[in-house]
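[1] here you go, sequence then predicted model.
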Protein chains: 2
Amino acid sequence: MQNCNDSNTTGSSVDLSKIYHSDIFPMKENSSLSTREFLQRVIDICLEFIDESNDRSQPILRYYDPEEMKMKFNFDIGEEPLNLEQIVRDCAQALYYQVRTAHPHYFNQLSCGLDIVSLAGEWLTAAANTNMFTYEIAPVFILMEHEVLKKMRQIIGFNDGDSILAPGGAISNLYAVIASRQQMFPEYKTKGLNALPQQLVLFTSEHSHYSIKSAGSVCGFGTDNVIEVPCDEKGKMIPSELERLVKAQYEMGNRPYFVNCTCGTTVLGSFDPINPIADICEKYNLWLHVDAAWGGGLLLSSKQRHKLHGIERARSVTWNPHKLMGTLLQCSTIHFKQDGLLLETNQMCADYLFQQDKHYDITYDTGDKVIQCGRHNDIFKLWLMWRSKGDKGYERHIDHLFEMTDYMVKGIKARGDKFHMVLENPECVNVSFWYVPNRLRGIPHNEERIKELGRITPILKARMMHKGTLMISYQPLGDIPNFFRNIISNSGVQKKDVDFLLDELDRLGHDL
Amino acid sequence: MQNCNDSNTTGSSVDLSKIYHSDIFPMKENSSLSTREFLQRVIDICLEFIDESNDRSQPILRYYDPEEMKMKFNFDIGEEPLNLEQIVRDCAQALYYQVRTAHPHYFNQLSCGLDIVSLAGEWLTAAANTNMFTYEIAPVFILMEHEVLKKMRQIIGFNDGDSILAPGGAISNLYAVIASRQQMFPEYKTKGLNALPQQLVLFTSEHSHYSIKSAGSVCGFGTDNVIEVPCDEKGKMIPSELERLVKAQYEMGNRPYFVNCTCGTTVLGSFDPINPIADICEKYNLWLHVDAAWGGGLLLSSKQRHKLHGIERARSVTWNPHKLMGTLLQCSTIHFKQDGLLLETNQMCADYLFQQDKHYDITYDTGDKVIQCGRHNDIFKLWLMWRSKGDKGYERHIDHLFEMTDYMVKGIKARGDKFHMVLENPECVNVSFWYVPNRLRGIPHNEERIKELGRITPILKARMMHKGTLMISYQPLGDIPNFFRNIISNSGVQKKDVDFLLDELDRLGHDL
């Protein structure tokens, strides 16, 4: 990709350097030709970016520090309009400096890759530019939500229930926290903290996503009342510890009410054992929420779904298609076993927005059951992608990610002392490991070596980014210092990419 | 637009009916040709949709009831993959049945129209498919956020401060509620309701958006503790009523702490008087939040910004570029006068996600100061649009919307007894009115007539939708029965469109 497109090369008669935003739709009538020329130029840049992102010989990024980037890229917004040729150049520049998250050597986030059918869906969604609060203005998309969310609930094992799309898993988890409070302590909605003499308490594993703690803060419980339950060495919540902590809270006079069970932790990709946790929830009258934002995709594979055995016992489930299912960002869902609860929780009776006397069945309007009011259309890109794959194609998609992960784990083990696994047998597509440079090989894996491996991990990451050939995330976890967490969630990753990743780490880091 | 595209008419050598999702990127290497062919076909459908949406002779929608729509559109997701020709047809079908929100005769929502430069930005955003939590994976877009949000704060009149983009104004308002609580009662974050012996109380006008009440519920204050302050006949909060209610709450032993001042109410488009409200907030130590989700765009016009006089006295401001500024959905911003408060409020110290020892200045990472964790990139479509218009172009954009609104108000008045204004002189681009059919003209505008006008309003709306020529929203407001609220927020609306709208109402409704 060129740093910028210096000339109009499409052979069209429209010279974009002579026209402005006011010369195309919607401000200029009958401007189809100019409008199309401008949009096509931007699309051509996007198509080139997609080609490059899928070309393994191209860099993932051209790294610059923030201060350097400010010199390279002109962020200014001026007084005067800029011509559309400049706007096209801005687009080319923005992509030139952008990280190629679709590159097969980008293993950095839970969401990697760029599914082309989902992209087509998102492009169409943008052109439709509608809001998801009513059937009136989004008829096809609203019905699509109903169908897809119903299908997802069936896959979970909920026969009835209700669901909604949310802007990310953290907000989905927030929905679970407020809906559970509504169901168990309905007077909270109107009376707030005066409704209940007891402090409500939530439980989540020490490896769970921080959004549960955040929800505890937002909802006024206080983060001290979101209790972290210890995990075993595999990163799974220990049910007996949960029971001990629940009892302790009851003894203190507090009211335990909500347990978050994580299926697919962020770092290790571990699955909390649902059934023993569900037993405790039944025994102590606690709401069971399953945060399967990450691991939900495994439900689509008959080989993998046993890791979420018992999920149908949950009362709410978070599941993000924008992660393992590869849907474009953002696409997150929250599902409830009980129908009507979302409306009961969030309805503010805003008749001025959601009229009750419309000429169609208003049960399809969603505006009054969400905390967002307006919502972006996040369903079409998922529906279109799922339709193109079918259930079988999605199963193969998930199975492929796990095959590549197995291949990576085997590759690490085959490379002997060049790597050290943090978690021997990962349950998900997260592979957690240290790269071991020459000087640290063949010595005992003691505290000193671990500390040193942790120290060099960020340095190796910086080398990756400066060379632009590879991106893998790293983090500490509790007492364990920095280590790499590799994610294979791009369906385009092949064995040769895994080989490249392991060899490239060695090329970049052997002398560290 | 055809109901569906039956054949491949682009003359390409790729037959999409023979290939599947697994034959293009990312699953198939070296599949640029097929990938481009598929995406171009979808883009061609989008371009046709845009042409049609800007063609005044085309319908806005083809209306079907939900049950009819389920017969017309095949929502099924099957076991087997579908070929890409079918996927292209699905795209054409979805747009065929979709409401054209960009049509110049669509006056239905606060967000109308489709800005083409913003659309180009959103298409590029989709191709880049990145998440906004770190500089590492979104360098250009993160710096762009900094620049644009700083510019917006300067326009508001905040010299310093911090801001974030949120998925809609309701979430922006939620940010204001939790950040104000953090600033004034910081122990709330960890201890929750036990931190404070007093009940916290919020105030907002009876015409304000329901998201303040919703935030009261979510945050555990209870909706009873979100006090509705009466408005005058123009829909503006009455400051003396606010003071009376604040005093009453103090006398009850509660702790008033938050006042929401609406600049641009949803229905009437009214502006609460900021300065008198700010005086009361200073006197009683209350947080002043300005919800300018709707009215914020007026800050860009020297003719209009006086309606938000005093906004710099607020401690937080919500402002949605996806409304008056015409940015594609969604694009909402929340601004704070105090820098560091967002981080203080929302930081959960998730080092495992937001590493503290990166090789660049991590103050650019935003992940730890939001409640979302991952965020969609909502900045590029705004930056690109603003850059193309420049400040002057945006001022003309806003001024044009007000000129068209003035023209409409004059047009209504010129049409004598065919219309009756609900609010004589609107402050924003909301025009609230009843259409008066033949039989109800020239009779006293008493309770009986008002009731009858309210009764026929939904019937007239249904006629619009069935004919597909016009869309205007209606709602009741307090004791006032249903009336129309017309919005001109599409920069493509011309005088002839306003004439059409008023005449079409008469054609559709004169016999009611």
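    Perfect, thanks for sending it. Numbering: from 1, shown residues only, chains lettered A, B, ... in the order given.

[2] for A:F433, which three-state class applies?
    What DSSP: H, G, I helix; E, B strand; the rest coil gives for A:F433 is strand.

[3] what bridges to it?
    With DSSP bridges as the criterion, A:F433 is bridged to A:M421, A:F484.

[4] contacts only, for it.
    Counting by Cβ atoms under 8 Å, 6 or more residues apart in numbering or on different chains, A:F433 touches A:I412, A:F419, A:H420, A:M421, A:V422, A:F483, A:F484, A:N486. Using the backbone N, CA and C atoms, a C-beta is placed for each residue, glycine as well.

[5] show the pLDDT at the third one.
    The predicted structure scores A:H420 at 98 on the pLDDT scale.

[6] with the first one instead?
    With respect to pLDDT, A:I412 has a value of 98.

[7] mind listing what it touches?
    By Cβ under 8 Å, 6+ apart, A:I412 lies in contact with A:F419, A:M421, A:V431, A:F433, A:L502.

[8] mind listing what's buried in the helix or strand hosting it?
    Element membership for A:I412 (DSSP states H and E) is helix A:380-414. Judged by neighbour count using 16 or more other Cβ atoms under 10 Å in any protein chain shown, the buried positions of helix A:380-414 are A:380-391, A:393-398, A:400-402, A:404-405, A:407-409, A:411-412.

[9] my guess is A:M132 meets A:I142, correct?
    Yes: taking contacts as Cβ atoms under 8 Å, A:M132 lies within contact range of A:I142: 6.7 Å.

[10] shared neighbours of those two, anything?
    What both A:M132 and A:I142 touch, as defined by Cβ under 8 Å, 6+ apart, is the set A:T366.

[11] which residues in the stretch 51-200 of chain A form strands?
    For the stretch 51-200 of chain A, applying DSSP state E, counting those that start in this stretch gives strands covering A:106-107, A:162-166, A:200-205.

[12] how about the shortest one, does it reach chain B?
    It stands for strand A:106-107. No: remark: strand A:106-107 sits outside contact range of chain B, by Cβ under 8 Å from any Cβ of the partner chain, the gap being at least 8.7 Å.

[13] quick one: list the elements packing against that strand.
    Using 3 or more Cβ pairs under 8 Å, 6 or more residues apart in numbering or on different chains; DSSP states H and E, the elements in contact with strand A:106-107 are strand A:471-477.

[14] for the contacts of A:F433, which two are the farthest from each other?
    The span of the contacts of A:F433, defined through Cβ to Cβ, is set by A:H420 and A:N486 at 13.6 Å.

[15] could I get the full set of helices for chain A?
    Using DSSP state H, the helices of chain A run over residues A:32-53, A:66-72, A:84-96, A:116-128, A:139-156, A:169-184, A:188-191, A:211-218, A:239-251, A:274-284, A:341-346, A:380-414, A:447-467, A:495-509.

[16] which one of these lies closest to B:G168?
    For the helices of chain A, the distance to B:G168 is smallest for helix A:169-184, at 10.7 Å, taking Cβ to Cβ.
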